[in-house]
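J.: Here's my sequence, what's the structure:
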Amino acid sequence: MTEKVKKIFFLAGEQSGDLHGALVIKQLKRIFPEVAVSGVGGSMMKEAGMECIYSCDDLAVIGFIEVIKNIRRLMRIEKGIAEWLKKERPEMVVLIDYPGFNKRIAKIAKKLGIHVLYYICPQVWAWHSSRVKEYTEIISESIVVFPFEVDIWRKAGGKVNYFGHPLIGVAKPEKTKSEFLSGLEITKTPVISLMPGSRKQEIGYILPELLKTAKLILNEFADAQFILPLASAIDDSLINEYLIDSSLPIKVVRGQTYDAVAASDLCIVASGTATLETAIIGTPMIVVYRVNWLTSFLSRYLIEAEHIGLPNVIAGKRIIPEFIRDRFEAQLIAKEAVDILKDKNRQKSMHESLNAVREKLGNPGAGERVAQYIAAKMRELK
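T.: Have a look, this model is predicted:
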């Protein structure tokens with residue numbers, strides 16, 4: 001008899017998850033070519049060899065209000081995934097970050113007797129440490145990407161593995177600074193990258209204030225040049241409405257984020273994966289974030305973590321400035337940016353601190369090591 005084709009289902013609900021999923025799927029298809037890979041993701045996971053049944057763009061909503069507004073669509077997708085799992089019965093479901101929605105899918109998969117692996121575990125320890133236990137009860141095992149998370153998940157009774165961070169060896173420029181800037185016809189300094197996030201809602205909440213910040217920086221640095229690296233999911237029409245009346249010296253680039261970060265003297269970055277990518281490359285940064293008023297208000301009482309920026313979390317101290325909630329104001333951010341750009345010693349200290357963060361994240365090749373682990377586990381599962 002022909003051996004049954006083994007199936008695996010991946011679920012990434014946003015752009016950063018799409019990247020991490022793609023890195024694993026590409027290696028998994030090489031190591032275990034006969035496995036059938038399906039799931040929810042974006043263009044990168046699809047290109048890596050996954051059959052997409054839904055796009056992660058359909059799931060990329062942030063904040064309590066936005067979830068309520070999109071609840072019918074989210075419930076429809078959840079129902080579709082549940083029906084697919086019942087019909088196809090994959091040996092494994094791999095959930096990537098995106099905690100709220102993935103928690104619901106984990107419960108569905110567990111009831112169906114499917115092995116559930118959580119990769120890049122949700123940072124529930126930042127909200128309330130007791131929530132980690134909730135996840136260990138509905139998943140089979142986890143793979144974390146920060147070394148300090150191992151004890152957190154193990155103490156909660158979960159089976160956990162750590163193979164290093166997948167962005168090590170991946171978050172790096174393809175061009176030299178001079179090549180990249182020459183291609184954009186940028187000849188003046190300082191160069192500042194504005195990074196408002198990869199989701200449409202983040203653009204709306206964050207980009208306008210970053211553009212105001214840029215104008216204020218120009219008052220101190222008349223030759224300052226700005227770069228706006230964008231995710232592929234962000235449509236030009238969304239950006240143009242903010243740039244149409246702007247006289248800023250700003251260049252919009254796509255697919256060149258790492259080059260832009262490496263070529264910049266400073267990055268102003270929306271909290272999330274991009275802060276870690278910037279830290280790995282080693283460019284001084286300021287972390288910013290804004291969400292709707294309700295989410296912002298509730299987060300004051302729900303978040304336990306002292307820091308929101310991942311480099312600060314990993315360092316265990318404030319090594320880069322953060323401007324969130326009511327401190328997310330152009331005047332405050334611009335003042336901090338100018339102080340950093342004028343202070344060479346502060347820039348040097350930030351470089352050193354970011355290098356120390358990078359050293360804590362392991363060696364290159366984490367994506368391949370994760371794929372090897374998943375392939376071995378898939379062969380064990382009946």
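J.: Tell me which stretches of the stretch 1-150 of the chain form helices.
T.: With helices called from DSSP state H, counting those that start in this stretch, the stretch 1-150 of the chain shows them at 15-31, 43-48, 64-69, 71-88, 99-111, 124-127, 131-136, 149-155.
J.: Minimum distance to Phe226: which of these has it?
T.: Closest of the helices of the stretch 1-150 of the chain to Phe226 is helix 15-31, at 21.7 Å (criterion: Cβ to Cβ). Quick note: C-beta positions are derived from backbone N, CA and C, even for glycine.
J.: quick one: contacts of that closest one?
T.: 8, 10, 12, 35, 37, 39, 41-45, 47-50, 56, 60, 94, 96-98, 119-120, 166, 170, 198-199, 231-233, 272-273, 367-368, 370-372, 374-375 (Cβ atoms under 8 Å, 6 or more residues apart in numbering).
J.: now swap in stretch 157-171 and tell me
T.: Counting by Cβ under 8 Å, 6+ apart, 20, 23-24, 132-133, 135-136, 139-147, 149-150, 153-154, 258, 273, 276-277, 280-281, 358, 361-367, 369-370, 373 sit against stretch 157-171.
J.: Buried ones among those?
T.: 20, 23-24, 132, 135-136, 139-146, 149, 153, 258, 273, 276-277, 280-281, 358, 361-362, 365-367, 369-370, 373 (16 or more other Cβ atoms under 10 Å).
J.: Tell me how far Val253 lies from Leu184.
T.: From Val253 over to Leu184 the distance is 7 Å, taken as Cβ to Cβ, to the nearest Å.
J.: now swap in Asp151 and tell me
T.: According to Cβ to Cβ, Asp151 and Leu184 sit 45 Å apart.
J.: For the two, indicate the residue with more neighbours.
T.: It is Leu184, of Asp151 and Leu184, that has more neighbours when counted by other Cβ atoms under 10 Å, with 17 against 11.
J.: Is the residue lying closest to that one once chain neighbours are set aside in a helix, a strand, or coil?
T.: Residue nearest to Leu184 in three dimensions, not counting chain neighbours: Lys251, with 4.8 Å by Cβ to Cβ, 6 or more residues apart in numbering. Of the three states, Lys251 takes strand under DSSP: H, G, I helix; E, B strand; the rest coil.
J.: Now do stretch 241-252: distance to the chain's middle.
T.: From the chain centre to the centre of stretch 241-252 is a distance of 25 Å (Cα atoms, centre = their mean, to the nearest Å).
J.: nope, stretch 148-161 is what I meant
T.: 21 Å.
J.: Need the mean per-residue confidence for that stretch.
T.: Taken as a whole, stretch 148-161 carries a mean pLDDT of 92.
J.: Span of it from start to end?
T.: 12 Å (Cα to Cα, to the nearest Å).
J.: if we can go back for a sec, narrow the buried ones among the contacts of stretch 157-171 to those in strands?
T.: Secondary structure from DSSP state E places 141-144 of the buried ones among the contacts of stretch 157-171 in strands.
J.: about what we covered before: can you pull the residues that touch both of Val253 and Leu184?
T.: With Cβ under 8 Å, 6+ apart, Val253 and Leu184 have common neighbours Ile227.
J.: in the stretch 1-150 of the chain, which segments are predicted with low confidence?
T.: Regions of the stretch 1-150 of the chain meeting the criterion pLDDT under 70 cover residues 1-3, 60-70, 124-130.
J.: Please disregard the earlier target; I meant the stretch 201-350 of the chain.
T.: Applying pLDDT under 70 to the stretch 201-350 of the chain flags residues 233, 245, 291-307.
J.: tell me the helices in it, going along the chain?
T.: Using DSSP H, counting those that start in this stretch, the helices of the stretch 201-350 of the chain run over residues 236-243, 257-263, 273-281, 293-302, 310-315, 330-342, 344-359.
J.: hang on, the earlier thing: out of the helices of the stretch 1-150 of the chain, which is the most enclosed?
T.: Among the helices of the stretch 1-150 of the chain, helix 15-31 has the highest mean neighbour count (mean count of other Cβ atoms under 10 Å), at a mean of 24.
J.: Measure how far it is from the centre of its chain, please.
T.: 14 Å.
J.: Between helix 99-111 and it, find me the angle.
T.: Angle, helix 15-31 to helix 99-111, by axes from the mean of the first three to the mean of the last three Cα atoms, to 10 degrees: 40 degrees.
J.: between helix 15-31 and helix 273-281, how many degrees?
T.: Angle, helix 15-31 to helix 273-281, by the same axes, to 10 degrees: 70 degrees.
J.: any idea how far Glu336 is from the spatially most central residue of the chain?
T.: Centrality entry for the chain: nearest residue to the mean C-alpha point is Thr273, 3.2 Å, by Cα atoms, centre = their mean. Look at Thr273 and Glu336: by Cβ to Cβ, they are 22 Å apart.
J.: one step back: what sits against the residue nearest to the centre of the chain?
T.: Neighbouring residues of Thr273 by Cβ under 8 Å, 6+ apart: 16, 19, 167, 310.
J.: Taking the residues you listed, tell me the two that lie furthest apart.
T.: Leu19 and Leu310 (14.9 Å).
J.: Quick check: buried residues in stretch 216-226?
T.: 216-218, 221, 224-226.
J.: can you dump the C-alpha coordinates of that stretch into PDB?
T.: These are the backbone C-alpha positions of stretch 216-226, laid out as PDB (Å, rounded to 0.1, in the frame of the first residue of the first chain):
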ATOM      1  CA  LEU A 216      10.600  69.000  13.500                       C
ATOM      2  CA  ILE A 217      13.900  67.200  13.000                       C
ATOM      3  CA  LEU A 218      14.500  69.300   9.900                       C
ATOM      4  CA  ASN A 219      14.400  72.400  12.100                       C
ATOM      5  CA  GLU A 220      17.700  71.200  13.700                       C
ATOM      6  CA  PHE A 221      19.200  69.300  10.700                       C
ATOM      7  CA  ALA A 222      18.300  71.100   7.500                       C
ATOM      8  CA  ASP A 223      20.000  68.400   5.400                       C
ATOM      9  CA  ALA A 224      18.300  65.500   7.000                       C
ATOM     10  CA  GLN A 225      17.000  62.800   4.600                       C
ATOM     11  CA  PHE A 226      14.200  60.400   5.400                       C
END
